[in-house]
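Visitor: One predicted model, sequence on top.
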Amino acid sequence: MKNSNYIKRFIPYITKYKLLIAFSVIFLLVSTISSMLIPFLSKQAIDKFISTKNIQGLIHISILIGIAIGVLFISKIIQIYMTNLAGQRIMKDLRHILFAHMENLAVGFFSREPSGKIITRVTNDVENMNQLLSSGIVALLGDLSILAFSIGFIFYINPRLAAIVILPMPVAILAAILLGEKMERLYEKVRDFVVKMNIRMQETLSGIILIQIFGAEKRESDKFTEIAYGYRKTFHKAQMTSIILRQTINILSYTSIVLVIIFGGLMTIKGIATIGTIVAFLAYTQRLYGPLRDLSDKFSILQNAISSMKKLSSFLDEKEFISDPENPIEKDIKGDVRLNHVYFSYVKNSPTLIDINLEASHGKKIAIVGFTGAGKSTIANLILRFYDPDSGTVEIDGTDIRKFKKRFIRSFMAIVLQNVFIFKGTVKDNITLGNEKITDEEIIRAAKKIGVHDFIMRLPKGYETEIATEGANISQGERQLISFARALVYKPKILLLDEATAAVDTNTEEIIEKGLKKLMEGRTSIVIAHRLSTIKNADMIYVINKGRIAEKGTHKELLKNKKLYYELYTMQFSQIN
């Protein structure tokens, strides 16, 4: 896709605030004209009033210069305010759209894409778009108007001197184009290094405990240093190119100043020009080369914005959705779950699940066990419709889950994971997840049922106690108990427990077990178990091995068969002993 196509895609976000931007442009032109009038009025003051010692005329023109300065000051403030206001509103809209798009993407997308990269899209790339408006498009328009008015004024004042003064300008424009293209390529590489650093930082912060435990600090530091070195080297080249461009423009600007002094001086001596003309030309010369001098910064902003547009377009074009049906079904959900001849693979030609047939009736508790990587959690992901099977069906109450809206069917489900995620916020917010329909009475009832109420009341502010990010100020067991209360308060018909007690101590497990018995009453419960001792009373146990159901039955039946379940059970029993 061409750069112009990326720009066209984001124009609607800008034109939404066309009135603000239009007023911004109007005040930009007013400020530009005001600034252009000041040198011209200064020339008139010198030539008409100072040279003739006309004090009255000098006072009048000084008032006009003062008015021009005042108009410049006020119009510039209004222009900057309106440009920034439009930019901030555009950023808000873009971030809202990106966040909503991100939330609707399939879980598989997030398993592939680093979170640091996604964060960069919503923060840095959107900020670059704001810079394009505030310091790019509007500033570029201002620069072009300054160039146009400056050239217009000098040719109006003295065409012969103007023709001589602008001789170095074509060289300056050529330098800006050639060096600008080089900077474009270098800044593209710089942005890639920034993304890599963000990803590395995010991964390091997430795994800092493991890094410190296994003494991997130097290895991780070396990886980051390598990226940082690449960034420094490339950024240095970009900066040097920018400096060369600026100095080239400066030299050509000084050349024009010298031309003004030499030829303007000769013309003044001959009576063709005046002292006021030289003063005005010196001022306009500075304005002529100012925009070209800043062109390196404009190139950087423009290329940053175009690069961000490409990345944002790519992100918004991501179509990895689990789609809702065109004509969704809604009905009372009882909670019967069935998997019929389900095949599934994360990677093509590498099956994760093979011909899975599984049934969990309303009010029953089934367990899924097996070695790590056997496909247990994948079954839970299919029931929650985070993924769709390659073939076969996942049914709720006899209806293919794909015939329901995701939001509708998930409203009857709850899941508790081994690695519980706790949001930064109050205990209450972590239980309700911000659902204002859940009353305080329901929260307390759920917490008491689980056995976590007494712990919560011992906290400084009870249910209003602030929990740190990821629950850093409470124990793993306490986090797990809060997650159970969270599941219970939503009154699910189908409950999924993915290794839910694997990460808690024995005492906490006893508390949880008591709560679980009440939690599972009248619900379809699907337990993915690591500790086989926790599923002895399951109505049916499915043993998964290499993506297939190796055997199924009750705890006693499977032990009697002395196959894989018996092997797993005796292995754990021997480890405990």
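Guide: Here it is on my side, so go on. Residues are numbered from 1 along each chain as shown.

Visitor: Run through the strands of the protein in chain order.
Guide: Remark: strands assigned in the chain by DSSP state E are 337-344, 353-360, 365-370, 391-396, 399-400, 413-417, 425-426, 466-467, 494-498, 524-528, 540-545, 548-553.

Visitor: which regions of the stretch 151-300 of the chain sit below the pLDDT cut-off?
Guide: For the stretch 151-300 of the chain, the stretches with pLDDT under 70 are 213-214, 295-297, 299-300.

Visitor: residues near residue 388, how many?
Guide: By other Cβ atoms under 10 Å, 15 other residues sit near residue 388. Bear in mind the C-beta positions are built from the backbone N, C-alpha and C, glycine included.

Visitor: and residue 155, what does it touch?
Guide: Contacts of residue 155 were listed using Cβ atoms under 8 Å, 6 or more residues apart in numbering, and they are residue 162.

Visitor: Now render the strands of the chain as JSON lines, adding mean pLDDT, distance to residue 376 and mean neighbour count.
Guide: As requested, the strands of the chain are exported to JSON lines (pLDDT from 0 to 100; distance: least, Cβ to Cβ, whole Å; neighbours: other Cβ atoms under 10 Å):
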{"stretch": "strand 337-344", "mean pLDDT": "94", "distance to residue 376": "13", "mean neighbour count": "19"}
{"stretch": "strand 353-360", "mean pLDDT": "93", "distance to residue 376": "10", "mean neighbour count": "19"}
{"stretch": "strand 365-370", "mean pLDDT": "91", "distance to residue 376": "5", "mean neighbour count": "24"}
{"stretch": "strand 391-396", "mean pLDDT": "94", "distance to residue 376": "15", "mean neighbour count": "18"}
{"stretch": "strand 399-400", "mean pLDDT": "94", "distance to residue 376": "22", "mean neighbour count": "14"}
{"stretch": "strand 413-417", "mean pLDDT": "86", "distance to residue 376": "12", "mean neighbour count": "21"}
{"stretch": "strand 425-426", "mean pLDDT": "87", "distance to residue 376": "31", "mean neighbour count": "16"}
{"stretch": "strand 466-467", "mean pLDDT": "87", "distance to residue 376": "29", "mean neighbour count": "17"}
{"stretch": "strand 494-498", "mean pLDDT": "88", "distance to residue 376": "8", "mean neighbour count": "24"}
{"stretch": "strand 524-528", "mean pLDDT": "91", "distance to residue 376": "5", "mean neighbour count": "25"}
{"stretch": "strand 540-545", "mean pLDDT": "93", "distance to residue 376": "6", "mean neighbour count": "22"}
{"stretch": "strand 548-553", "mean pLDDT": "92", "distance to residue 376": "11", "mean neighbour count": "17"}
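
Visitor: and the ones you listed as JSON lines, adding distance to residue 480?
Guide: JSON lines is the format used below for those (distance: least, Cβ to Cβ, whole Å):
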{"stretch": "strand 337-344", "distance to residue 480": "24"}
{"stretch": "strand 353-360", "distance to residue 480": "23"}
{"stretch": "strand 365-370", "distance to residue 480": "18"}
{"stretch": "strand 391-396", "distance to residue 480": "27"}
{"stretch": "strand 399-400", "distance to residue 480": "33"}
{"stretch": "strand 413-417", "distance to residue 480": "8"}
{"stretch": "strand 425-426", "distance to residue 480": "18"}
{"stretch": "strand 466-467", "distance to residue 480": "13"}
{"stretch": "strand 494-498", "distance to residue 480": "11"}
{"stretch": "strand 524-528", "distance to residue 480": "14"}
{"stretch": "strand 540-545", "distance to residue 480": "23"}
{"stretch": "strand 548-553", "distance to residue 480": "28"}
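
Visitor: middle-most residue in the chain, spatially?
Guide: Taking Cα atoms, centre = their mean, the centroid of the chain lies closest to residue 122, which sits 2.3 Å from it.

Visitor: what's the spacing between the closest residue in space to that residue that isn't next to it in sequence and residue 305?
Guide: Excluding the flanking residues, the one nearest residue 122 by Cβ to Cβ, 6 or more residues apart in numbering is residue 98, at 5.1 Å. According to Cβ to Cβ, to the nearest Å, residue 98 stands 16 Å off from residue 305.

Visitor: Just want to know which of the two has more residues nearby.
Guide: Between residue 98 and residue 305, residue 305 has the larger neighbour count (other Cβ under 10 Å), namely 24 against 19.

Visitor: The more buried one touches residue 127, doesn't it?
Guide: No. When contacts are counted by Cβ atoms under 8 Å, residue 305 is not listed as touching residue 127 (9.9 Å).

Visitor: related to what we said a few turns ago, ok, the residue nearest to residue 122 to residue 21 distance?
Guide: Distance of residue 98 to residue 21, given as Cβ to Cβ: 22 Å.

Visitor: returning to what we had before: check contacts around the residue nearest to the centre of the chain.
Guide: Residue 122 touches 95, 98, 99, 102, counting by Cβ under 8 Å, 6+ apart.

Visitor: picking up where we left off before, out of the strands of the chain, nearest to residue 331?
Guide: strand 399-400 (7.6 Å; Cβ to Cβ).

Visitor: What does the pLDDT read for the residue nearest to the centre of the chain?
Guide: Note on residue 122: pLDDT of 83.

Visitor: and the gap between it and residue 92?
Guide: In this view, residue 122 and residue 92 are 12 Å apart by Cβ to Cβ.

Visitor: repeat for residue 490
Guide: Going from residue 490 to residue 92 by Cβ to Cβ gives 31 Å.

Visitor: which of these two has more neighbours?
Guide: Set side by side, residue 490 and residue 92 give different neighbour counts by other Cβ under 10 Å, the larger being at residue 490 (18 against 11).

Visitor: The chain - how does it break down into domains?
Guide: The chain breaks down by automatic domain parsing into domains covering 3-316, 337-576.

Visitor: how about the ones you listed, which one is nearest residue 325?
Guide: Here domain 337-576 is closest among these (Cβ to Cβ), at 5.5 Å.
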